[in-house]
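K.L.:
task: produce atomic coordinates for the following.
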Amino acid sequence: MATIAELQQQVKDAGEKVKTLKGEKRDKKDPELVAAIASLMDLKKQLEEASRPVETNPFVSTRAELDDIAKRRFFFRPAFDIYGGTAGFYTYGPPGAALKANIIALWRRHFIIEENLLEIEDPTIMPHEVLKTSGHVDRFNDFMVKDTLQEDKFYRADKLLEEELENRLKLPTISEAERTQYQKDLLAADAFSKDELGAKLKEYGIKAPETGNELTDPYEFNLMFPTPIGPSGMLQGYLRPETAQGIFLNYKFCAEQNSDKMPFGVAQVGKSYRNEIAPRGGLVRQREFTQAEIEFFVQPGDKKFPKFASLADLELQMLPSPIQLAGQNMVTMTVGKAVADGIIANETLGYFVARTAQFLFLAGIKKEHLRFRQHLPTEMAHYACDCWDAEIEVSTGWMETVGIADRSAYDLTVHAQRTKVDLCAQEKLETPISEEVVYLNKKAGALLGKDFKKDAVAVRTFLESLGVAEAKALQEEVKAAGGKEVTIDGATFKLTPDHCSFETKTETKHYRNYTPHVIEPSFGIDRVFTAVLEHSYYARPQDPDDKEKIVRGVLSLTPDSAPYKTIIMPLDQRVGSSDKYLDMVQLLRTQLSEHALNYKVDDSGASIGKRYARNDELGIPLAITVDFDSIGTNAEANSTLTGTVTLRERDTCTQVRIKVAEVVDVIAQLSTRKLSWPDVQKRYVEQKNTASEAIGGAKGTDAAESAAAGSESKKEAEEYLSKHKLTEVLNEMVNKTLADKPDDPIAHLAKLMADKAKM
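P.N.:
Have a look, this model is predicted:
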């Protein structure tokens, strides 16, 4: 097949030939001219086909099918929908709310319980002063652009740039140099300054998406929702933009509950709010969303982690900063090597990178579609030591889902300075040290109260906060100049030599005070939810004989995430109307509730195959079916089957028969990963499941019909099999062969049978 460059040359040559023939005044019907034009048109068509964008994202093709299931089965939908909806707000329906709750529960088990963290719950409204101190009032901004002709159309500037570059990277016609540049600009889009971003929008000729009009230059837009507090409206507040600040404000009290031992972590899960400029992409950019954040407090000079070695060999896909700047592709390396080589700043940060990956895998994220991207130097906050984002590939591209940052001591420091509350930790020294300390003499302290009155405390606090060298330097400067003006909390004060009279002495210290540093993993739960849905969805192969051509969508949700762990169903309405069935259902309901397992009951009149299919859409991993054998009304069946049910596994469409008294315990063990489905298949007799085969793509009859049908020969065969336990023996041998995977399975089975015969 010709390359694009070859096709371009062929089109050029064919065009020249047509031009030459026309220049010779050939007749329109001239065979050579007609053939040349036809050849040119064919080559142009080939070039057009070859130049089309190549979509390599595997989730794009199934997104429409997944959206249909999410809306039709009410996983989520736009909030206030009957009023037309408001962008950026969503309502989770019953299966969606259950799935989200399970993701949060998994997060709590994985981090709060396993890492022995403390958990708090803080208000979602914060006073202006708190967020002014944290920097959110001044710096919590995104860059916005507007349509120059339709000023009610707003766009987030970096997202417009990212979308343009993602589209360009799909074009097969770009050169390697262009690809490298596009890749570099794509990864840096979030780190560009206002001027750099404006220049890039112009460089790539980006217009307003809806109208094609020119865009304004980027400008800052603060993302916080303001709200007045109290009836007077005089106290300014904001809906919190993150859950982290509540943890910093309560650090002192949490440290006390932890007996002031370091290191330790505090977690919070709850709602946060950001007034997104252009909320799009479903749940990805909401104005109200759920965060789960951890602030793990450590000593500044000791960021080793005792359990780091246990995860050092975990291999992950990574995009370190230097690789991004070079426009290169991600690399695979162990977390241990990344820390040892200084790519990840320290063990504690590396440990939480690894634990984050483990959590995402348990939730249902596919390993090959997860990467950890290091923030670029221009992207990182001025106080941060190192930052990594867990990015998950979904239908819209690589989605930032978790941020893991070493925030140093910034937050505790600024809140301590503003409130004058000590937010330091204390470490007992193995060897006491002698240290020179400085303090105001009594005469100077008394003079401050006389001269500065109500401001004396602020001035005294300023002077006493100075170190030895700073105090001596100030004393000399004021003495030489006769005075000096200083600014404290926005107010100016004139200091005289008498105010700056310091004395020093040597003290022996048995403890060292320090402001803890903090490692912060911050999870966007709604984004994890989105990625879990996309990574779990697939469609079963269609039956060629199915005239309806219905897409049989399946959510292959993990046991941890699935909104419902099982479904209870009668085989058909004849079973469903039986008193024995109703008694079984009541027993199952009680046992499932005692195990805290969420479940559904589907006793509708649809065929068993259709009911399996529609519950596969909900991601329910297991189905309990009560059939004629279960209630003892199948005349041809073995009486020992009475009081049993079948348990079907969603992804393999296989099922086993289990006593009704045991089935809930098996489901509980499967849901907590204490058992796997192959373990269950080894333990219990596998059951023919024609309805599942049908929805899985293989031909089969409806299970209700096959269960009701029978013959004398079938009855005799079943009695013979039961008498000699042939089904159990053969299942055991087949499972042993599958486990050993010999080169010659037939010979392996023959040997097992021969050994059995000798027993």
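
K.L.:
right, and Lys71 touches Asp81 too?
P.N.:
No. With contact defined as Cβ atoms under 8 Å, Lys71 does not reach Asp81; the gap is 10.0 Å. In short, each C-beta sits where N, CA and C put it, glycine included.

K.L.:
any residues in contact with both of those two?
P.N.:
Here Lys71 and Asp81 have no joint contacts, going by Cβ atoms under 8 Å, 6 or more residues apart in numbering.

K.L.:
distance across stretch 289-305, terminal residue to terminal residue?
P.N.:
With Cα to Cα, to the nearest Å as the measure, the ends of stretch 289-305 fall 31 Å from one another.

K.L.:
can you offset everything so residue one is 55?
P.N.:
Fine by me, first position is 55 from now on; the one you just mentioned is stretch 343-359.

K.L.:
quick one: the strands in the stretch 455-604 of the chain, in order.
P.N.:
Secondary structure of the stretch 455-604 of the chain, counting by DSSP state E, counting those that start in this stretch: strands at 479-494, 538-542, 545-549, 556-568, 571-578, 591-593.

K.L.:
which parts of the shortest one are buried?
P.N.:
When neighbours are counted by 16 or more other Cβ atoms under 10 Å, the buried residues of strand 591-593 are found to be Tyr591.

K.L.:
same deal with the third one?
P.N.:
Residues of strand 545-549 classed as buried under the neighbour-count rule (16+ other Cβ under 10 Å) are 547, 549.

K.L.:
same for that strand, what does it pack against?
P.N.:
For strand 545-549, the contact count by 3 or more Cβ pairs under 8 Å, 6 or more residues apart in numbering; DSSP states H and E identifies helix 510-518, strand 538-542 as packing neighbours.

K.L.:
closest one to Ser375 among those?
P.N.:
Among the helices and strands packed on strand 545-549, the nearest to Ser375 by Cβ to Cβ is strand 538-542 (37.7 Å).

K.L.:
ok and the closest one relative to helix 510-518, angle-wise?
P.N.:
110 degrees (axes from the mean of the first three to the mean of the last three Cα atoms, to 10 degrees).

K.L.:
in its sheet, what does strand 538-542 sit against?
P.N.:
strand 545-549 (antiparallel) (DSSP bridges).

K.L.:
and the average pLDDT for the strand it pairs with is what?
P.N.:
Across strand 545-549, the average pLDDT comes to 92.

K.L.:
identify the residues contacting that strand?
P.N.:
For strand 545-549, contacts defined as Cβ under 8 Å, 6+ apart pick out 506, 509, 512-513, 528, 532, 537-541.

K.L.:
repeat that for stretch 679-687.
P.N.:
622-625, 628-629, 632, 634-635, 638-639, 662, 688, 691-693, 695-702, 709, 711, 714, 757, 761-762.

K.L.:
from Pro149, how far off is the closest residue to Thr116 other than its chain neighbours?
P.N.:
Spatial nearest neighbour of Thr116, chain neighbours left out: Tyr591 (5.7 Å); criterion: Cβ to Cβ, 6 or more residues apart in numbering. Noted for Tyr591: a distance of 14 Å to Pro149, by Cβ to Cβ, to the nearest Å.

K.L.:
quick one: residues contacting the most centrally placed residue in the chain.
P.N.:
Nearest to the geometric centre of the chain sits Val582, at 2.8 Å (Cα atoms, centre = their mean). By Cβ under 8 Å, 6+ apart, Val582 lies in contact with 157, 414, 417, 419, 455-456.

K.L.:
repeat that for Gly503.
P.N.:
Contacts of Gly503 (Cβ under 8 Å, 6+ apart): Ala510.

K.L.:
okay, it: pLDDT?
P.N.:
Per the predicted model, pLDDT is 87 at Gly503.

K.L.:
state the distance from it to Lys496.
P.N.:
Applying Cβ to Cβ to Gly503 and Lys496 gives a distance of 12 Å.

K.L.:
cool, and Lys742?
P.N.:
Counting by Cβ to Cβ - Lys742 and Lys496 are separated by 95 Å.

K.L.:
more neighbours, the two?
P.N.:
Comparing Lys742 with Lys496 by other Cβ atoms under 10 Å, the one with more neighbours is Lys742, at 14 against 10.

K.L.:
quick check: that one vs Arg711, distance?
P.N.:
Taking Cβ to Cβ, one finds Lys742 at 10 Å from Arg711.

K.L.:
that older thread, ok, which of the strands of the stretch 455-604 of the chain comes nearest Glu119?
P.N.:
So among those, strand 591-593 is nearest, using Cβ to Cβ, at 6.3 Å.

K.L.:
ok, and what's touching that closest one?
P.N.:
116, 119-120, 123, 605-610.

K.L.:
buried ones only from the residues you listed, please, as a PyMOL command.
P.N.:
Only the buried entries of these go into this PyMOL selection, using 16+ other Cβ under 10 Å:
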select buried, resi 116+120+123+606+607+608+609
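
K.L.:
tell me which two of the contacts of strand 591-593 sit farthest apart.
P.N.:
Largest pairwise distance in the contacts of strand 591-593, by Cβ to Cβ, is 15.1 Å, between Val605 and Ser610.

K.L.:
quick one, what contacts the residue nearest to Leu416 when sequence neighbours are not counted?
P.N.:
Spatial nearest neighbour of Leu416, chain neighbours left out: Asp614 (5.5 Å); criterion: Cβ to Cβ, 6+ apart. By Cβ under 8 Å, 6+ apart, the contact list for Asp614 reads 156, 160, 416-418, 725, 727.

K.L.:
by neighbour count, which of these wins?
P.N.:
Gly418 (25 neighbours).

K.L.:
can I assume it is in contact with Glu588?
P.N.:
No. Gly418 lies out of contact with Glu588 (Cβ under 8 Å); the separation is 9.7 Å.

K.L.:
that older thread, JSON lines for the contacts of Val582, including distance to Asp683 and pLDDT?
P.N.:
Formatted as JSON lines, these follow (distance: Cβ to Cβ, whole Å; pLDDT from 0 to 100):
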{"residue": "Ile157", "distance to Asp683": "38", "pLDDT": "98"}
{"residue": "Leu414", "distance to Asp683": "42", "pLDDT": "98"}
{"residue": "Ala417", "distance to Asp683": "37", "pLDDT": "97"}
{"residue": "Ile419", "distance to Asp683": "40", "pLDDT": "98"}
{"residue": "Thr455", "distance to Asp683": "47", "pLDDT": "98"}
{"residue": "Val456", "distance to Asp683": "49", "pLDDT": "98"}
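
K.L.:
show me where the stretch 205-354 of the chain has helices.
P.N.:
Assigned by DSSP state H, counting those that start in this stretch, the stretch 205-354 of the chain shows helices spanning 211-223, 230-242, 248-257, 298-303, 305-311.

K.L.:
so which of those gets nearest Cys439?
P.N.:
Across the helices of the stretch 205-354 of the chain, closest to Cys439 is helix 298-303 (Cβ to Cβ), at 16.3 Å.

K.L.:
ranking the helices and strands packed on strand 545-549 by mean pLDDT, which is last?
P.N.:
When the helices and strands packed on strand 545-549 are ranked by mean pLDDT, helix 510-518 comes last with a mean of 87.

K.L.:
list the buried residues for that one?
P.N.:
510, 512-514, 517.

K.L.:
which of those sits closest to Val572?
P.N.:
Ala512 (28.0 Å).

K.L.:
for the residue nearest to the closest one when sequence neighbours are not counted, give me its contacts.
P.N.:
Setting aside the residues directly before and after it, Ala512 is nearest to Ile542 in space (Cβ to Cβ, 6+ apart), at 5.3 Å. Residues near Ile542 by Cβ under 8 Å, 6+ apart: 512-513, 516.
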